[in-house]
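A.B. asks: Okay, structure incoming, though there's no sequence with it:
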């Protein structure tokens, strides 16, 4: 395999991996934001979301 | 001697980039001739259009940027004028880690006639207490801190503008630190009554990690090539949040900051251009800002920027279809649409096409030349920008990683953000947590 073919394969592999990595990174970011928003919910907000039904918190 | 060698290096890289473009286009022609399916022919035509658009954009921006540099060097009309009162507004929400250096930067301005208003937007930390220790009034200069119920950045800015005495308003992010000459340099542009706003230059302060170095390079290129070129026609399309100065009268005319987009700075700039005002850029008025230090924070920032810009475009979309009636704003809107939507889609589409071509026909060398062509052009652009800003030339080497991985990851996030904006998926402000690097 000559140098040009090797570099071509290398760039091909990096481009493919970067695209897969980019998609994974985006979904990781979305998952982190979702988790953050769930963690930061207040008692009042939770009550509102549950339509004022009673909420029970269990501490382990 | 070093300067001459650097300029020769720039010319050499530029010529190499253009030669590679010629080579790649020739290759494309060959692929088109050999293509058997209509789909493949169509894909090749798209890639050809994409390549031509990129090269044209690149050359036009560089050409206007060079013209602007020449114009600035030849222009001796900048006189120091200090009679205008400038009100600096610093909206702050949970900025206890950065508020002290930020206010120090605002107070240490060389411009004498300033009024500083810090708007604490209902912070839950010690921002208000810390800012309060800076309060003073010596007759010529003053700093006051006002606290209000949390309502978002645009409302905080408008709250400050309503209370401003100055006829010039300078909006500064609380997580940025101003260079001491920033206000003085920005004020000089307002002698021209057509100028409604002047964008400041942004510099990344925390360039100690790989990801922040890439962003530093991106800022240097974005400002010195794109904003400089836009400044030649006085149509800078976004006044950055960390530093921008506005004529209060013009802001009033367009209704100040709007609250219905996540890019209030972009929205306001578009409204000013739509009203026939001109927008300038001052490269020497610098605000130092902290760039995100990890990839997920960076994606969060770019996601918000993309959706904010798209919201501003959507809001003003009627101007897109008025190229004869309102040519200036129509042109600016199309340009923004190109940069924020077409560009990321085209880049990812180009990559997918090249990968498919390589995997199906074995023509992987074309992908290599395609990549080298853009990387060489990126390096040429980086060298040009680093030369005019006198930054370290070694940053140009990061263009390789910039093209190889960085821009692809960012563009994928932009594409997802565009899709989510299209489907109106709910989003929040997404405040970045600062590490306090501007101190």
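C.D. replies: In hand now; what should we look at? Since the structure is predicted, the reported quantities are computational estimates derived from the model, not experimental observations.

A.B. asks: Can you get me the start-to-end distance on stretch B:223-233?
C.D. replies: With Cα to Cα, to the nearest Å applied, stretch B:223-233 spans 15 Å between its terminal residues.

A.B. asks: what about the residue of the stretch 301-439 of chain B found nearest chain A, which helix or strand?
C.D. replies: Closest residue of the stretch 301-439 of chain B to chain A, Cβ to the nearest Cβ: residue B:412 (3.5 Å). In this view, the C-beta of every residue, glycine as well, is placed from N, C-alpha and C. Here residue B:412 sits within helix B:407-422, counting by DSSP states H and E.

A.B. asks: what about the residue nearest to the residue of the stretch 301-439 of chain B closest to chain A when sequence neighbours are not counted, which helix or strand?
C.D. replies: Among residues not flanking residue B:412 along the chain, residue A:22 sits closest, at 3.5 Å (Cβ to Cβ, 6 or more residues apart in numbering or on different chains). Element membership for residue A:22 (DSSP H and E) is helix A:3-39.

A.B. asks: nearest spatial neighbour of residue B:400, skipping sequence neighbours?
C.D. replies: residue B:375 (5.8 Å).

A.B. asks: can you count the residues close to residue B:210?
C.D. replies: 11 (other Cβ atoms under 10 Å in any protein chain shown).

A.B. asks: Let me see the contact set for it.
C.D. replies: Residue B:210 is in contact with residue B:401, counting by Cβ atoms under 8 Å, 6 or more residues apart in numbering or on different chains.

A.B. asks: where does the residue in chain A that chain B sits nearest to land on pLDDT?
C.D. replies: Closest contact between chain A and chain B, by Cβ to the nearest Cβ, is at residue A:22 (3.5 Å). As predicted, residue A:22 sits at a pLDDT of 96.

A.B. asks: In contact with residue B:412, which residues?
C.D. replies: Counted by Cβ under 8 Å, 6+ apart, residue B:412 has contacts A:19, A:22, A:23, A:25, A:26, B:344, B:348.

A.B. asks: shaky segments in chain A?
C.D. replies: Counting by pLDDT under 70, chain A has low-confidence residues at A:1, A:38-60.

A.B. asks: Name the residues of it found near chain B, please.
C.D. replies: Proximity of chain A to chain B (Cβ under 8 Å from any Cβ of the partner chain) is limited to residues A:4-5, A:7-9, A:11-12, A:14-16, A:18-19, A:21-23, A:25-26, A:28-29, A:32-33, A:37.

A.B. asks: ok, 6 Å please
C.D. replies: A:7-8, A:11-12, A:14-16, A:18, A:22-23, A:25-26, A:29, A:32 (Cβ under 6 Å from any Cβ of the partner chain).

A.B. asks: Buried subset of the residues you listed as a ChimeraX selection?
C.D. replies: Selecting only the buried entries of these in ChimeraX, with 16 or more other Cβ atoms under 10 Å in any protein chain shown as the criterion:
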select /A:7,8,11,12,15,18,22,25,26,29
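
A.B. asks: Same list as before, the residues of chain A next to chain B that is, but in CSV and with distance to residue B:331 included.
C.D. replies: Formatted as CSV, the residues of chain A next to chain B follow (distance: Cβ to Cβ, whole Å):
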residue, distance to residue B:331
A:7, 40
A:8, 40
A:11, 36
A:12, 38
A:14, 37
A:15, 33
A:16, 37
A:18, 33
A:22, 31
A:23, 34
A:25, 34
A:26, 32
A:29, 34
A:32, 39
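
A.B. asks: Considering the contacts of residue B:412, which is situated nearest to residue B:308?
C.D. replies: residue B:344 (15.1 Å; Cβ to Cβ).

A.B. asks: any idea which element the closest one lies in?
C.D. replies: Using DSSP H and E, residue B:344 falls in helix B:343-361.

A.B. asks: how about the residue of chain A closest to chain B, what does it touch?
C.D. replies: The contact partners of residue A:22, by Cβ atoms under 6 Å, 6 or more residues apart in numbering or on different chains, come to B:408, B:409, B:412.

A.B. asks: And the pLDDT for the last one?
C.D. replies: On the pLDDT scale, residue B:412 is placed at 96.

A.B. asks: Can you show me the helices along the stretch 101-250 of chain B?
C.D. replies: Listed in chain order, the helices of the stretch 101-250 of chain B (DSSP state H, counting those that start in this stretch) span B:127-132, B:153-162, B:182-187, B:210-221, B:228-232, B:248-254.

A.B. asks: Using CSV, lay out the ones you listed together with mean pLDDT.
C.D. replies: Listed next are these as CSV, based on pLDDT from 0 to 100:
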stretch, mean pLDDT
helix B:127-132, 93
helix B:153-162, 93
helix B:182-187, 94
helix B:210-221, 90
helix B:228-232, 93
helix B:248-254, 95
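
A.B. asks: Quick check: chain neighbours aside, which residue is closest to residue B:386?
C.D. replies: Closest to residue B:386 by Cβ to Cβ, 6+ apart is residue B:393, at 5.3 Å.

A.B. asks: Just give me the neighbour total for the one you found.
C.D. replies: 15.

A.B. asks: What does it show for phi and psi?
C.D. replies: phi -70, psi -20 (degrees, to the nearest 10).

A.B. asks: Same check on residue B:276?
C.D. replies: The phi/psi pair for residue B:276 (degrees, to the nearest 10) reads phi 90, psi 10.

A.B. asks: where exactly do the strands run in the stretch 251-400 of chain B?
C.D. replies: Remark: strands assigned in the stretch 251-400 of chain B by DSSP state E, counting those that start in this stretch are B:278-289.
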